[in-house]
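Undergrad: what follows is a predicted protein model with its sequence.
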Number of protein chains: 2
Amino acid sequence: MNLKELSDLLGLSTTTVSRALGGYPEVGAETRRRVRAAAAEHGYRPNRRAAALATGRSMAIGHVIPTNQGNEMVNPVFADFIAGAGEVYAQAGYDMTMSVVSDGDEAMAYRQLAMDRGVDGMIVHGPREHDSRLDLLRETGTPFVVHGRFPGSEPDYDFVDVDNARAFRRATDLLLDLGHRRIGLLNGPVHMDFARRRLDGFVSAHDARGLSVDRASIRHSEMSEQAGYDAARRLLAAPRPPTAFVVSSLIMALGGRRAVQDGGLTVGRDVSIVTHDDMLSYLTNGGDVPIFTATRSSVRAAGRRCAEILLARVAAPDDGPMQEVWKSDLVLGASTGPAPD
Amino acid sequence: MNLKELSDLLGLSTTTVSRALGGYPEVGAETRRRVRAAAAEHGYRPNRRAAALATGRSMAIGHVIPTNQGNEMVNPVFADFIAGAGEVYAQAGYDMTMSVVSDGDEAMAYRQLAMDRGVDGMIVHGPREHDSRLDLLRETGTPFVVHGRFPGSEPDYDFVDVDNARAFRRATDLLLDLGHRRIGLLNGPVHMDFARRRLDGFVSAHDARGLSVDRASIRHSEMSEQAGYDAARRLLAAPRPPTAFVVSSLIMALGGRRAVQDGGLTVGRDVSIVTHDDMLSYLTNGGDVPIFTATRSSVRAAGRRCAEILLARVAAPDDGPMQEVWKSDLVLGASTGPAPD
DNA sequence: CCGCTGGTCCAAAGCGCTTTGGGGGCCGGG
DNA sequence: CCCGGCCCCCAAAGCGCTTTGGACCAGCGG
């Protein structure tokens, strides 16, 4: 059933039917009623592709996820993010178009989605150093919003980010207050912007107290359980092992905890752990009492907010930049305690 | 730059240019070369939406993910699955269109994607009891492939599934062989087809030895860490607690392990655990020696295969059903040992 | 020399929708 | 009585691409 058929059926022009359905004022009340009824009865729904072609708006938002054998982007965090964003899209009648590409083809994927596939906007995930995507997107003129921030100069684009530096500074401060002096940092890949900012926070907390940080106790890796385990394990094997860890994700922290336990030590007594917690739905940080002391910020909420901003941007391309930096909570859990003597 | 402009530039008709780019034989070699060169130079890429309208094929595959406050579908397993499927789509020039909807609107989302958004096919996730989606999709005539199987009669549709019953029967057999007689089952939601089959495998292993299973030791829940913890905790608090667990996902198993440890017990000695492992990229089951003894099957590979089958189905709608039941491996890890006396 | 067959290329007709630019009634004011 | 306005509605022109149905021009066999 298409517009033409429905119109013929009603003895009306396609113009009128289209307008009646679209809610335009140029159509009589009674006519509109009839049209709506007929559409419902015959299950008519306008063909989106055709509408997209006619209007130039495709009612879809693009996400591209790079993937490369155990890559850190196709990850639980990402899943929760798109769950949040997807809710907003669905409510606004938008689709979500995802392109999964291997790392090298990423730029091409952005170009393709923005150009030929005709999404109306894009979300940029995981900004990092030397990231060509910013220029790329500006070049194509596609509206976009960044989850996170590109490193470097003052951003003039839309973004939603967590105050990573502050979060990790506070986390580190807590451990320092508890008397810990050898603290390991289990961070994400160093080229990722968020990891860099967290590192800065970690370092600045030390600096503020005139303490030096041992570069060897800083590990950058993929944010998997195994990587967390390996990194923690290695640090714990050092002659003067850390008495505490600051960790970049709950999953890594699980690995860290496993390493601690494997060493016959107890988390929260022998070794303290503070982790960042993205509040993933299927991997919560315990029940009433959090397992881990954690800096906390919902990535799903971030997904929602990014989507909202993007849709607003699509509607008003020339408004000033919409930028949000979220403060994360620092919640106390069972994984931290005073430094052992 | 659109087709018309490019054609004018070349002094050719749009027909010829379109065909040259499409690789059709009706165009001279030299002309084709010129066209290709010009297209590359000016960065011309055909507008997908227009092409979709013209051909009737939209070059997109639909996935719908239901979501409902801490739902089990927007989960890490799902992330890995679409990573696998996405690779295949990308290579074949397909897009992935995702619709995130709250549980109630699921049927509508399928209908919409299949009808107006014009995807060429759909993947069905998480088949369950009383699932209306099968009829729905048949009704719309959209090609689809199921990840898993619908409960009930002999399937006549395309699907890729793991032999869940066999996997859990073997897992249970292993524990029984080790002398365990009180085994807890930490399973997914009971209405999910895979959970039902796993339960069957668990029970049949007991039946085959003339052992009865204590229904109280069977827990069905969401497959989160916390749910795993809670369920295991409760079972361990019973007067005659289980000496072993069969668990439906690695994430749940992590919760289970936490519960065991919280009880002052040691995994692999006091309490054995066998879990299903979906081989998620960021949550691997340890390094050389698996942490958990596990039934193992890559969900990412399943995603790839589902996508391949779906694309084949789209190309040949009338071929016989393509159905695969994968045998999962049973790998020995450090989480199992003989039953304590 | 002619009709035929291939090889190239083109004009034009869609695909299904939105939207511009009117076109008839009908009413009220001059 | 006439004309301008207002309401409703319609015809038709795209949106950018694919694809059908030729057209034109060799080249070739008869």
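TA: Noted; the coordinates are in hand. Keep in mind that what you see is a predicted model, and the values were worked out from it rather than measured.
Undergrad: so which residues of the stretch 1-150 of chain A form strands?
TA: A:60-67, A:95-102, A:121-124, A:144-147 (DSSP state E, counting those that start in this stretch).
Undergrad: list the contacts of residue A:144.
TA: A:121, A:122, A:123, A:124, A:137, A:157, A:158, A:310, A:313 (C-beta atoms under 8 Å, 6 or more residues apart in numbering or on different chains). (Each C-beta comes from the backbone N, C-alpha and C, glycine too.)
Undergrad: and residue A:261, by the same measure?
TA: By C-beta under 8 Å, 6+ apart, the neighbours of residue A:261 are A:267, B:261.
Undergrad: could I get the pLDDT score of residue A:308?
TA: Residue A:308 carries a pLDDT value of 98.
Undergrad: of the contacts of residue A:144, which one scores lowest on pLDDT?
TA: Among those, residue A:137 has the weakest pLDDT, 92.
Undergrad: for that residue, list the residues it contacts.
TA: A:110, A:114, A:122, A:124, A:144.
Undergrad: neighbours of the third one, just the number please.
TA: It refers to residue A:122. 24 (other C-beta atoms under 10 Å in any protein chain shown).
Undergrad: ok, now which ones touch it?
TA: A:61, A:62, A:63, A:64, A:110, A:113, A:114, A:137, A:142, A:143, A:144, A:310.
Undergrad: quick revisit: using CSV, lay out the contacts of residue A:144 together with distance to residue A:195.
TA: Shown next, in CSV, are the contacts of residue A:144 (distance: C-beta to C-beta, whole Å):
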residue, distance to residue A:195
A:121, 26
A:122, 23
A:123, 20
A:124, 16
A:137, 22
A:157, 20
A:158, 22
A:310, 24
A:313, 27
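Undergrad: just the closest of those to DNA strand D, please.
TA: Lowest distance from DNA strand D to these (C-beta to the nearest atom of the strand) belongs to residue A:121, with 18.0 Å.
Undergrad: let me see the contact set for the closest residue to that closest one other than its chain neighbours.
TA: Nearest residue to residue A:121 in three dimensions, chain neighbours excluded: residue A:143, at 4.0 Å (C-beta to C-beta, 6 or more residues apart in numbering or on different chains). Contact partners of residue A:143, counting by C-beta under 8 Å, 6+ apart, are A:120, A:121, A:122, A:310, A:313, A:314, A:317.
Undergrad: coming back round to it: ranking the strands of the stretch 1-150 of chain A by burial, who's on top?
TA: Across the strands of the stretch 1-150 of chain A, averaging neighbours per residue (mean count of other C-beta atoms under 10 Å in any protein chain shown) puts strand A:144-147 on top, at a mean of 26.
Undergrad: what lines up beside the helix or strand following that strand in the sheet?
TA: Using DSSP states H and E, the helix or strand that follows strand A:144-147 in sequence is strand A:158-162. Strand partners for strand A:158-162, identified by DSSP bridges, are recorded as strand A:144-147 (parallel), strand A:323-326 (parallel).
Undergrad: so residue A:222 lies in a strand, does it not?
TA: No. Assigned with DSSP: H, G, I helix; E, B strand; the rest coil, residue A:222 falls outside any strand and is coil.
Undergrad: surely it is in contact with residue B:282?
TA: Yes. Here residue A:222 reaches residue B:282: they are 7.3 Å apart, a contact under C-beta atoms under 8 Å.
Undergrad: neighbour count: the two, which is higher?
TA: residue B:282 (25 against 18).
Undergrad: distance of that one from chain A?
TA: In this structure, residue B:282 and chain A are 4 Å apart, going by C-beta to the nearest C-beta, to the nearest Å.
Undergrad: of all the strands paired with strand A:158-162, which one is nearest residue A:86?
TA: strand A:144-147 (13.9 Å; C-beta to C-beta).
Undergrad: avg pLDDT for the closest one?
TA: pLDDT averaged over strand A:144-147 gives 97.
Undergrad: got the CA coordinates for that strand in CSV?
TA: Extracted in CSV, the C-alpha atoms of strand A:144-147 (Å, rounded to 0.1, in the frame of the first residue of the first chain):
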residue,chain,number,x,y,z
PHE,A,144,28.0,15.8,15.2
VAL,A,145,28.5,15.5,18.9
VAL,A,146,31.5,14.1,20.6
HIS,A,147,31.3,11.7,23.5
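Undergrad: one step back: please render the strands paired with strand A:158-162 as a markdown table that adds distance to DNA strand D to the earlier fields.
TA: Shown next, in a markdown table, are the strands paired with strand A:158-162 (distance: least, C-beta to the nearest atom of the strand, whole Å):
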| stretch | distance to DNA strand D |
| --- | --- |
| strand A:144-147 | 21 |
| strand A:323-326 | 32 |
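Undergrad: closest to residue B:1 out of those?
TA: strand A:144-147 (21.6 Å).
Undergrad: report the distance from the closest one to the chain centre.
TA: 9 Å (C-alpha atoms, centre = their mean, to the nearest Å).
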